[in-house]
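J.: give me the fold of what follows.
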Amino acid sequence: MARLSAARVTAHGNGEPGISRITRRDLLRHAGIVGGTVATGLWRPGHAFGAAPADELRIATYQDISQLDPLLTNDAPSSAVYDQLYDRLLVPDEALRPVPVLAERYTSSPDAKTWTFFLRKDVVFHDGGHLTADDVVFSLSRILDPANASQKRIQIDMIDHVEAVDPYTVRIALKYPYSPFPAAIALQDIVSKASVEKGGNQFTKHPVGSGPFQFVDWVPNDHVTLARNPRYWGRRAGVARVIFRPVPEASTAAADLLSGGVHIVQNVTAGTLAEMRRAPNIQISTTPGTSYSYVGFRVVQPPFTDVRFREAVYRSWDLDATIKAVFPPEVGRRAYACISPPIWPDDTAYLQAHAFPPDPARAKALFDQLTASGVMPRGYAVKVLVIPDYRQKMFEVLATSLQQVGVRATLQVVDLATMLNLLKTNDNYIYSLVGGGGAPDPDQTLYWLFHTGGPHAQFQNLKDPELDARLLRARQATGQAARSRLYTDIQRYVLLEKIYQIPAYFLNNTNAWSKSVRDFRPSLLYQRWNLDTPWSNVSLAAG
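T.: Numbers count the residues shown, from 1 in each chain. Purely as a prediction, here's the structure:
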């Protein structure tokens, strides 16, 4: 690959986990021995953390949480932690079918517009309060309240109103028939009304749920600690404590796993996979993931508003070769669609056959057309945003490819928070984010990505009334065959006709864990930890 010659601004970190290697010094550091000394004290990112006490599960994640109120955040690191604190009416099981949790059962009216959930009567919150229908009504209503600006509102904005029929029965009326409503409601966490009202804006620092674990502490950029919930209505959690530790550098996380500092590593990369496979005490699992990473265009003004510009960017870049170079098959694979199998519909063959192939000559001709017609000023600099992970290497190749066809490119490596703030400004950017894959239904991916009210459409500054109408028609359709045709047409429209995004890759769920960990079953869904569910209960072997 060509070396990057574009201008580059780095902020908040410059690590690149996709090309990490484990060194002898990594291993010594994580054993607590560096330069002949023994490391002591609390763990800090990049430093030693001694062997875990018995009955304490330690998980190395790639990034710290942002907060723990499910109303306010939907980022993967945060939701992976607060999933342990809160219960939901339903959850997707191992086959991605919604199954009852807080709801013992549920019914639907024949027109799929009214849904009734019958709650368990033995659920107690971490603070001792009893969960009732009022808590469910409150939890859903605060998401639906536009004043709260919850990202999750779009997942359930088909709801017209929610009511408590009695203390343990909830009735939800929809604005229109929506057959996959169980998949949508299976994304929503139920909080304690009393605790939220008491805690106010401090609730996120002292979260109260009814899940199998309860909150102990959060030291930003260091760790989150959870403890077994002694009042849990379900099976007793198999471990007494869980510690989530942000370890952005993949080689650091791998070395900590090999030395016993953590039990499970989330950030398994091309550079660490081989070393961990050779370790006799480590188990590795790779399953096709549902997380979709895309190359987006924040379309504010010309030339980004012109589809020829977006096509030229696509054609300037050999994305297939880039993905193959950055991702071994165990880690990820090229995406041609927004929806990853096993979620339907699978239109991969058509979308791959009609994807724009790399064609630098055609890309240069399109850029020249844009310049000649005054749409793209001469010397225009394309701003490219990326966070320091796999995508950094990808975008270095993109920036170089653009320069090779005569277009200036400025690569800015920033942290996620900085990127999201820049994607709210009145400026054009090329960027990459993960979107979709949170529920086993195409609506929850495509509506989330492309509807005007969705968070990713807002990042793109996307306003397409025709697309909004198509998405709404697909939502209201009944029968998988009819819905499949509509969602197939939508994907072809956004990816081939309008080129609102360039599909980049599906990241596999590749986890590594110590063989002392029992009953760990990685989820097909993006970054879900099945620590204590109706079908799994993680524990640690004695000794």
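J.: surely residue 510 is within a strand?
T.: Yes - counting by DSSP: H, G, I helix; E, B strand; the rest coil, residue 510 is located in a strand.
J.: I'd like the average pLDDT over stretch 94-105.
T.: Averaging pLDDT along stretch 94-105 gives 91.
J.: also stretch 307-320?
T.: For stretch 307-320, the per-residue pLDDT averages 97.
J.: got it, and stretch 201-212?
T.: On average, stretch 201-212 scores 95.
J.: residues in contact with that stretch?
T.: 67-69, 72, 82-87, 102, 123-127, 131, 189-192, 195-196, 199, 214-215, 218, 228-229, 232-235, 237, 531-532 (Cβ atoms under 8 Å, 6 or more residues apart in numbering). Where C-beta positions appear, they are placed from N, C-alpha and C, glycine not excepted.
J.: could you point out which element follows the helix or strand in which residue 466 is found?
T.: When secondary structure is defined by DSSP states H and E, residue 466 falls within helix 465-476. Sequence order places helix 480-492 as the next helix or strand after helix 465-476, per DSSP H and E.
J.: for that following helix, packing partners?
T.: Secondary-structure packing of helix 480-492 (3 or more Cβ pairs under 8 Å, 6 or more residues apart in numbering; DSSP states H and E): helix 348-353, helix 442-450, helix 465-476.
J.: make it 7 Å
T.: Packing contacts for helix 480-492, counted by 3 or more Cβ pairs under 7 Å, 6 or more residues apart in numbering; DSSP states H and E, involve helix 442-450, helix 465-476.
J.: least reliable of those helices by average pLDDT, please.
T.: helix 442-450 (a mean of 92).
J.: tell me the domain boundaries of the protein?
T.: The record's domain parsing of the chain by automatic domain parsing lists 7-15+289-507, 20-67+214-286+511-540, 87-201.
J.: of all those domains, which one is nearest residue 76?
T.: domain 20-67+214-286+511-540 (4.3 Å; Cβ to Cβ).
J.: quick check, central residue of the protein?
T.: residue 76 (4.2 Å; Cα atoms, centre = their mean).
J.: on the pLDDT front, check that residue for me.
T.: 81.
J.: repeat for residue 53
T.: Reading off the model, residue 53 has pLDDT 69.
J.: same check, this time on residue 38
T.: 30.
J.: same deal with the one 5 residues further on?
T.: What the model reports for residue 43 is a pLDDT of 39.
J.: still on that earlier bit, rank the domains of the chain by pLDDT, which is bottom?
T.: domain 20-67+214-286+511-540 (a mean of 79).
J.: packing partners of the longest strand that the chain contains?
T.: Longest strand in the chain, counting residues (DSSP state E): strand 282-298. On a contact count with 3+ Cβ pairs under 7 Å, 6+ apart, strand 282-298 meets helix 270-277, strand 429-435, helix 455-460, strand 501-514.
J.: okay, the angle between the first one and strand 501-514?
T.: What it means is helix 270-277. 20 degrees (axes from the mean of the first three to the mean of the last three Cα atoms, to 10 degrees).
J.: now the strands for the stretch 251-400 of the chain?
T.: All strands of the stretch 251-400 of the chain, identified by DSSP state E, counting those that start in this stretch, fall at 264-265, 282-298, 332-334, 381-386.
J.: distance to residue 62 and mean neighbour count for those - can I get that in TSV?
T.: Formatted as TSV, those follow (distance: least, Cβ to Cβ, whole Å; neighbours: other Cβ atoms under 10 Å):
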stretch	distance to residue 62	mean neighbour count
strand 264-265	9	27
strand 282-298	12	20
strand 332-334	14	20
strand 381-386	15	21
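J.: export those strands to TSV and tack on distance to residue 471?
T.: Below are the strands of the stretch 251-400 of the chain laid out as TSV (distance: least, Cβ to Cβ, whole Å):
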stretch	distance to residue 471
strand 264-265	37
strand 282-298	16
strand 332-334	25
strand 381-386	26
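J.: nearest to residue 164, of the ones you listed?
T.: Comparing those under Cβ to Cβ, the one sitting nearest is strand 282-298, at 33.5 Å.
J.: what angle separates the helix ranked longest in the chain from strand 501-514?
T.: In the chain, taking DSSP state H as the definition, the longest helix is helix 390-404. Angle of helix 390-404 versus strand 501-514, following the same axes, to 10 degrees, is 150 degrees.
J.: so what secondary structure elements neighbour helix 390-404?
T.: In terms of contacts (3+ Cβ pairs under 7 Å, 6+ apart), helix 390-404 is packed against helix 319-326, strand 381-386, strand 408-413.
J.: in it, what counts as buried?
T.: For helix 390-404, burial by neighbour count (16 or more other Cβ atoms under 10 Å) applies to 390-404.
J.: which one of those residues is nearest residue 371?
T.: residue 402 (13.7 Å).
J.: would you agree that closest one is in contact with residue 409?
T.: Yes - Residue 402 is in contact with residue 409 according to Cβ atoms under 7 Å; the separation is 4.3 Å.
J.: quick check: neighbours shared by those two?
T.: Taking Cβ atoms under 7 Å, 6 or more residues apart in numbering as the contact rule, residue 402 and residue 409 both touch residue 382.
J.: take the helices and strands packed on strand 282-298 and write them to JSON lines, including mean neighbour count and distance to residue 96.
T.: Listed next are the helices and strands packed on strand 282-298 as JSON lines, based on neighbours: other Cβ atoms under 10 Å; distance: least, Cβ to Cβ, whole Å:
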{"stretch": "helix 270-277", "mean neighbour count": "19", "distance to residue 96": "26"}
{"stretch": "strand 429-435", "mean neighbour count": "23", "distance to residue 96": "18"}
{"stretch": "helix 455-460", "mean neighbour count": "21", "distance to residue 96": "22"}
{"stretch": "strand 501-514", "mean neighbour count": "24", "distance to residue 96": "13"}
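J.: circling back to that earlier point, which strands or helices does the helix holding residue 466 pack on?
T.: helix 442-450, helix 480-492.
J.: need the contact partners of it.
T.: Against helix 465-476 from outside (Cβ under 7 Å, 6+ apart): 158, 176-178, 443, 446-447, 450-452, 483, 486-487, 490, 493-494.
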